[in-house]
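Q: When you get a sec, could you give me coordinates for this:
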Amino acid sequence: MAYPLQLGLQDATSPIMEELLYFHDHALMIMFMISSLVLYLISSMLTTRLTHTNTMDAQEVETIWTILPAVILITIALPSLRILYMMDEINNPFMTVKTMGHQWYWSYEYTDFADLCFDSYMIPTSDLKTGNLRLLEVDNRVVLPMETTIRMLISSEDVLHSWAVPSLGLKADAIPGRLNQTTLLSARPGLYYGQCSEICGSNHSFMPIVLEMVPLKYFQKWSTSML
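A: Numbering: from 1, shown residues only. Modelled structure (predicted):
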């Protein structure tokens, strides 16, 4: 989760989010080098060192500013495509959870268990307990086993929603009449918070997501108690 006065993205909890953080740093360094080069060129032109006709019309300059942008785009596109394929690939999921967006709450169904489903509403500020986070706590958390591949099926019953958990690198649109899917994998236990990331109506900011990732044996106890 985020911290007060935090700079940058949230700490990675999944392999996908780690890759996204590496790609963010990679792209940021390329942007820094481009900005430095442009600043150098502007400074050189102001001091009249690059305004000579023979320099600005040289064939070498034309070649460089044609090839260099292509090389930069390739260095950004290749790792980006790799991460996209990693996010789309789902290999032998341990279990499947279906989430439906409503105005304005989420409902969850554990499809591998009979009758294990519930709604998840945000807890009003007046009902919060000590240690609870305002606008982020829910009455029913989504309990899932850590270190296992979980397939999330995401849809909506009314309008467009978006199921997003930043620390896990997850964001998928919930579209009425369409079933999207994504892979969820947590490398460590803990509570992970998210929110609807689509402007879905007047209470858009009041439908948070809370994932509680626990070891497998504790998940088995929880699922037994819920049935």
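Q: And the most centrally placed residue in the chain, how far from residue 87?
A: Closest to where the C-alpha atoms of the chain average out (Cα atoms, centre = their mean) is residue 169, at 3.1 Å. Per Cβ to Cβ, to the nearest Å, residue 169 is found 8 Å from residue 87. C-beta coordinates here come from the backbone N, C-alpha and C atoms, glycine included.
Q: quick revisit: quick check: phi and psi at the closest residue to the residue nearest to the centre of the chain other than its chain neighbours.
A: Leaving aside its chain neighbours, residue 169 sits nearest to residue 17 (3.4 Å; criterion: Cβ to Cβ, 6 or more residues apart in numbering). Here is the backbone geometry of residue 17 (degrees, to the nearest 10): phi -70, psi -30.
Q: Hmm, residue 17 is touching residue 171, no?
A: No. The criterion here is Cβ atoms under 8 Å, and residue 17 misses it with residue 171 at 10.9 Å.
Q: Between those two, which is the more surrounded one?
A: residue 17 (22 against 16; other Cβ atoms under 10 Å).
Q: pLDDT-wise, which helix or strand of this protein ranks last?
A: Sorting the helices and strands of the chain by mean pLDDT, DSSP states H and E puts helix 53-56 at the bottom, at a mean of 57.
Q: All the helices of the protein, in order from the start?
A: Here the chain has its helices, by DSSP state H, at 15-46, 53-56, 59-88, 216-226.
Q: Need those in a markdown table (columns: distance to residue 202).
A: Shown next, in a markdown table, are the helices of the chain (distance: least, Cβ to Cβ, whole Å):
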| stretch | distance to residue 202 |
| --- | --- |
| helix 15-46 | 31 |
| helix 53-56 | 57 |
| helix 59-88 | 32 |
| helix 216-226 | 32 |
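Q: Can you flag the weakest of these by average pLDDT?
A: Least confident of the helices of the chain, judged by mean pLDDT, is helix 53-56 with a mean of 57.
Q: Nearest to residue 141, out of the helices of the chain?
A: With Cβ to Cβ, the closest approach to residue 141 among these belongs to helix 216-226: 9.9 Å.
Q: chain center to that closest one: distance?
A: Counting by Cα atoms, centre = their mean, to the nearest Å, helix 216-226 is centred 27 Å from the centre of its parent chain.
Q: cool, and stretch 176-187?
A: Worked out by Cα atoms, centre = their mean, stretch 176-187 lies 12 Å from the chain centre.
Q: contact partners of that stretch?
A: Applying Cβ atoms under 8 Å, 6 or more residues apart in numbering, the contact partners of stretch 176-187 are 13-16, 87, 89-90, 93, 97, 144, 146-160, 168, 170, 172-174, 192, 211, 213.
Q: Of all the helices of the chain, which one is nearest residue 164?
A: Comparison of the helices of the chain against residue 164 by Cβ to Cβ identifies helix 15-46 as nearest, at 12.0 Å.
Q: and that closest one, what other elements does it pack with?
A: Helices and strands touching helix 15-46, by 3 or more Cβ pairs under 8 Å, 6 or more residues apart in numbering; DSSP states H and E, are helix 59-88.
Q: at 10 Å what do you get?
A: helix 59-88, strand 180-184 (3 or more Cβ pairs under 10 Å, 6 or more residues apart in numbering; DSSP states H and E).
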